[in-house]
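J.: What follows is a predicted structure for the sequence shown.
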Amino acid sequence: MNQKTNLTLEQSSNRIAIILLINILGQNLLAKIFPVSSFNIDQYLYATILNGCIFMIASQLLLKTSVKKVIKHQKKSRFSLIENILWIFFTVSLNFSGCALYSRRDAPPINVHLSQIWLFLLLAVFTGFYEEFIFRGVFLENLCKSSGKVFAVIWTTVLFSFMHGTQFPAPLILGITMGCLYVMSGNLLLPIAAHSINDWFGYLLTPFGNFLFPQKAPDEVQLILKWSCFAIFLLTTLLLLLYYHFYKHISFHPIKKTKEILKSIKSHKTSYQKFSGTACMTFFLFLILANILSDFSHL
């Protein structure tokens, strides 16, 4: 006999915090099992797959869901093929035009060989799948039921950003766009594709930039790549506006949409307090903020 049990917001908050704490513990254990002084794609791939499996199992057990249930819940995408392609270019170019192309000073150097490109793609696809499955397919859907889409997108973005620590602001931009794309399209395939391509480009863009411009300093290469991404972002934004205005006859009203979002935030004010005020979530937020501040102090 199947019985549906909807978790309260406080229960969801505690369980999501425990899942994220399990993920942090798993990452630390795997870092000890696979210690690397320089970037090793094989070891990093094994560690990512193991960590992703731990993350997914924990989310399925604590939030009483499964891959089958999440897939069954997916709707037919509201976007056409052209829209999907444009939104992917929009997301990736926006992220890279505003961020440092994953060139973290505390990260080991990435040395890419042509034979390893597909390993990086496999790594990016798996990371994109399990992170979108958990943050959008499980967490966002769970929070939507109790407090609405705006609340769910905001909190999943906050948690996604915190879990990526010193990579800020890339995860903030990616979290917002992935949440919005999932809500707008009604399907996980677009966020998974955009996230995977974003990560793949993140691994390969800087090394290939250095390959294309061997005579230029790394900072100059970064600048060329960022401006190239910004130009693609502007072009994609223009194409999206033209597509929706002339083909779908949809006009975008940013002021009106902002007012609607602010109204939704105001009407769910107590929900934000309840979600962040549970024992497990408070502990998680304190721990992750302390860890981020510690990481920044060593940069």
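T.: Structure's in. What do you need? Residues are numbered from 1 along each chain as shown.
J.: how many other residues sit next to the closest residue to residue 150 other than its chain neighbours?
T.: Closest residue to residue 150 in three dimensions, ignoring its sequence neighbours and counting by C-beta to C-beta, 6 or more residues apart in numbering: residue 264, at 4.1 Å. Using the backbone N, CA and C atoms, a C-beta is placed for each residue, glycine as well. Other residues lying near residue 264 total 15 when counted by other C-beta atoms under 10 Å.
J.: Now do residue 264 against residue 154, distance only.
T.: Taken as C-beta to C-beta, to the nearest Å, the spacing of residue 264 relative to residue 154 amounts to 9 Å.
J.: and the residue nearest to residue 150, what element?
T.: Remark: residue 264 resides in helix 254-267, with elements defined by DSSP states H and E.
J.: Residues contacting that helix from elsewhere in the structure, which ones?
T.: By C-beta atoms under 8 Å, 6 or more residues apart in numbering, the list of residues contacting helix 254-267 from outside reads 148, 150-151, 154, 272.
J.: And those, which of them are buried?
T.: Buried members of the contacts of helix 254-267, scored by 16 or more other C-beta atoms under 10 Å, are 148, 150-151, 154.
J.: quick one: low-confidence parts of the protein?
T.: Across the chain, residues meeting the criterion (pLDDT under 70) sit at 1-5, 35-39, 99-115, 166, 206-212, 295-299.
J.: Please enumerate the helices of it.
T.: When secondary structure is read from DSSP state H, the chain shows helices at 9-33, 41-62, 67-73, 81-98, 117-132, 141-147, 149-163, 170-185, 189-212, 218-242, 254-267, 269-277, 279-297.
J.: And those: which comes nearest residue 248?
T.: Distances from residue 248 to each of those were compared using C-beta to C-beta; the minimum, 8.8 Å, belongs to helix 81-98.
J.: what does that closest one rub up against?
T.: Residues external to helix 81-98 that are found in contact with it (C-beta under 8 Å, 6+ apart): 77, 79, 169-170, 173-174, 177-178, 181, 185, 190, 193-194, 197-198, 201-202, 205, 225-227, 229-230, 232-233, 236-237, 239-240, 243.
J.: go again using 7 Å as the cut-off
T.: Among residues not part of helix 81-98, those counted as contacts by C-beta atoms under 7 Å, 6 or more residues apart in numbering are 169-170, 173-174, 177, 181, 190, 193-194, 197-198, 201, 205, 226, 229-230, 232-233, 236-237, 239-240, 243.
J.: Also stretch 55-71?
T.: 5, 15, 18-19, 22-23, 130, 133-134, 137-138, 142.
J.: Pull out the buried residues from those residues.
T.: Those of these that meet the buried threshold are 15, 18-19, 22-23, 130, 133-134, 137-138, 142, by 16+ other C-beta under 10 Å.
J.: between those, which is closest to residue 291?
T.: Sorting the buried ones among the contacts of stretch 55-71 by how near they are to residue 291, with C-beta to C-beta, puts residue 23 at the top with 13.0 Å.
J.: For residue 96, see how far away the closest one is.
T.: Applying C-beta to C-beta to residue 23 and residue 96 gives a distance of 26 Å.
J.: What distance do you get for the residue nearest to the spatial centre of the chain to residue 183?
T.: By C-alpha atoms, centre = their mean, the mean C-alpha position of the chain lies nearest to residue 175, the distance being 4.4 Å. According to C-beta to C-beta, residue 175 stands 13 Å off from residue 183.
J.: again with residue 27
T.: Between residue 27 and residue 183 the distance, using C-beta to C-beta, works out to 28 Å.
J.: same question, residue 55
T.: As defined by C-beta to C-beta, residue 55 lies at a distance of 22 Å from residue 183.
J.: Which of those two has more residues huddled nearby?
T.: For the pair residue 55 and residue 183, the greater number of neighbours falls to residue 55 (23 against 16), based on other C-beta under 10 Å.
J.: any idea how far that one lies from residue 92?
T.: Relative to residue 92, residue 55 is positioned 23 Å away (criterion: C-beta to C-beta).
J.: Leaving out the residues flanking it, which one is nearest to residue 137?
T.: Looking at residue 137 with C-beta to C-beta, 6+ apart, the closest residue is residue 70, at 4.4 Å.
J.: what about that neighbour, neighbour count?
T.: Residue 70 has 18 nearby residues by other C-beta under 10 Å.
J.: do the same with the one 5 residues further on
T.: Under the neighbour criterion other C-beta under 10 Å, residue 75 is assigned a count of 9.
J.: now swap in residue 270 and tell me
T.: By the other C-beta under 10 Å criterion, the neighbourhood of residue 270 contains 10 residues.
J.: ditto for residue 238
T.: 10.
J.: That concludes my questions; thank you for your assistance.
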